[in-house]
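Peer 1: for reference, the sequence and a predicted model appear below.
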Amino acid sequence: MISFQSGIIFRIASILIFVLWTSEVLAQASLRGRVTDARTERPLASADVRIVELSLRARADTSGLYSFNNVPAGSYTLTVRHVGFDSVSQTVTVPASGSLVQDIALATVEVTEEVTVRG
């Protein structure tokens, strides 16, 4: 009788673990968007896009588009960088499922120092 009860408890625990694991795997979404120049609205190819807390990185394509798949639900810091532009960090909240679109516009770096070249 004791081994029968132990077997049932083991099966119930196994099913519970499987259900919790499955719900965690299914509770993921995608994060995507477009990186552009704030002044001209042109796409910024090769912009570096990161989800800091997850150590995930994507590179914007020639249309400025980036995407992350299978992102767990939660709030994250999205950091975007591109040479010649100011970096941007934003907090994004990824839903449990579906897709979050987060477009980012970067401003050009303002050069405030004078450089003298002598030849």
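Peer 2: Thanks, I have it.

Peer 1: partner residues bridging residue 89?
Peer 2: Under DSSP bridges, the beta-bridge partners of residue 89 are residue 79.

Peer 1: how near is it to residue 98?
Peer 2: For residue 89, the distance to residue 98 (C-beta to C-beta, to the nearest Å) stands at 24 Å. Placement of C-beta: from N, CA and C, glycine included.

Peer 1: and what of residue 63?
Peer 2: 22 Å.

Peer 1: next SSE downstream of the helix or strand where residue 34 lies?
Peer 2: For residue 34, the element it lies in under DSSP states H and E is strand 28-37. Following strand 28-37 in sequence order, the next helix or strand is strand 48-51 (DSSP H and E).

Peer 1: which residues sit against that next one?
Peer 2: Under the criterion C-beta atoms under 8 Å, 6 or more residues apart in numbering, residues 31, 35, 56-60, 66, 68, 71, 76-82, 104 lie in contact with strand 48-51.

Peer 1: the helices in the protein, which residues?
Peer 2: Secondary structure of the chain, counting by DSSP state H: helices at 2-26.

Peer 1: quick check, central residue of it?
Peer 2: residue 51 (4.2 Å; C-alpha atoms, centre = their mean).
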